[in-house]
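> give me a 3D structure for the following:
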Amino acid sequence: MPLITISAQNLMAQLHEYDTIIDARTEDEYAEDHLPGAVNWPTLNNQQRIDIGTLYKQVNAFEAKKRGAAIAARNIATHLEREVIDKPRDWKPLAYCWRGGKRSGSLSLILDQIGFKTTLVEGGYKAFRAAVVADIPKIVSTLDLRVVCGTTGSGKTRLLHALKTLGAQVLDLEDLAKHRSSVLGAIPGVDQPTQKGFDTLVWDVLRHFDARLPVFVESESKKVGNVSVPTALIEKMRASACLDLCLPVAARVALLLEDYDYLAKDSTYFCNRLDILAEFRGKATVAAWKDKVLQGHLEPVVEELLTQHYDPVYLQSMQRNFSQYGTAVTITPTDHSMAAMLAMAQTLI
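Sure thing, here's the model as predicted:
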């Protein structure tokens, strides 16, 4: 019997029906992006794929296929012994590779011969990627976004966390991007996803939203660190209703020192990040900030960063890009604590 296949378009709504989603590509291909929840069972690993590709070009296709088949068989046997021996008869796996061809096909054929109801993605990851790109604008067009605005340190992320805790629908782009969306927003030791990976993460969150209920999202720039917000989403955000979260400067400084405590703990790292601002604020200003940081005087540096750099840039950007910012509803928590944000979130829900 022929293998069971499913188109990428039909798969979008049926991912939850499979017990295991198997990515048969190399480790590097998997790391760049993969279907939500997929596990990596390389039919050929990184180096093996390079070696077989070289053999294909330098010798001939037949020799490459023989060698490749032998390596793939050994790898598949290892995956079976490690992952499949304890699987029940009704286990339902889904498999894919780059274009739904030889790598996932070989694995699926063996699983099928064992007796498992195995499904293969038509067109593989490439087709899935195209379907994600096409699906994001469709989903976005149905959503009622509420954009949480506010100058740096006003607690936008804390408010999103509070809203999520209380059951509201929240799209936290900074969490997905692993970046706090500013010059100082890189998180030490944490890599950002690739652009393709970020798109898939965004899509995976969007597809679970109920279009009948509002979705709260922070007023991000088009780029969050090194990744870009999908065009349809950023355009929808910029046209949506806004909430303007306000806190006094002193409370914002305190909040930032709490949330960016790694900067306070590593003055060298803080100073290195400040160097990025030299072209905007001037070398003399940045040098003065660095001197204060090294002396342990963080509060005045953070306050000057807010009032001299972040606030003017943020306000100009909001007025230019978010069409409803001028009529935003002002919301003012009692302080910057999580308890105050939970109280504020309750009023919004």
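> centroid-nearest residue for this protein?
In the chain, the residue lying closest to the centroid (CA atoms, centre = their mean) is Leu176, at 3.2 Å.
> who's in contact with it?
193, 198, 201-202, 205 (CB atoms under 8 Å, 6 or more residues apart in numbering). Glycine gets a C-beta too; all of them are placed from N, C-alpha and C.
> out of those residues, which one sits closest to Ser228?
Phe198 (8.0 Å; CB to CB).
> which helix or strand contains that closest one?
Following DSSP states H and E, one finds Phe198 within helix 195-206.
> could I get the buried residue list for that helix?
196-203, 205-206 (16 or more other CB atoms under 10 Å).
> for the residue sitting furthest away from the middle of the chain, phi and psi?
Checked against the mean C-alpha position of the chain, the extreme residue using CA atoms, centre = their mean is Val59, at a distance of 41.4 Å. With angles defined as degrees, to the nearest 10, Val59 sits at phi -110, psi -90.
> and Leu15, how many residues sit next to it?
The tally of other residues near Leu15 (other CB atoms under 10 Å) stands at 16.
> which non-adjacent residue is nearest it?
In this structure, Leu15 finds its nearest non-sequential neighbour in Pro36, 6.5 Å apart by CB to CB, 6 or more residues apart in numbering.
> do Gly185 as well
Using CB to CB, 6+ apart and skipping residues adjacent in sequence, the residue nearest Gly185 is His179, 5.1 Å away.
> and if you look at Gln195?
Val227 (5.3 Å).
> wait, the one you found sits on Leu173?
No. With contacts counted by CB atoms under 8 Å, Val227 stays clear of Leu173, the gap being 9.1 Å.
> and the residue nearest to Gln195, what pLDDT?
With respect to pLDDT, Val227 scores 97.
> do the same with Pro2
Confidence at Pro2, expressed as pLDDT, is 68.
> same check, this time on Gln169
pLDDT, Gln169: 98.
> how about it, phi and psi?
phi -80, psi 120.
> repeat for Trp98
phi -70, psi -50.
> neighbours around the closest residue to it other than its chain neighbours, how many?
In this structure, Trp98 finds its nearest non-sequential neighbour in Gly124, 5.2 Å apart by CB to CB, 6+ apart. Using other CB under 10 Å, Gly124 has 23 other residues around it.
> now tell me what touches stretch 59-77 from outside.
Taking CB under 8 Å, 6+ apart as the rule, stretch 59-77 contacts 41-45, 48, 51-53, 55-56, 102-103, 106-107, 110.
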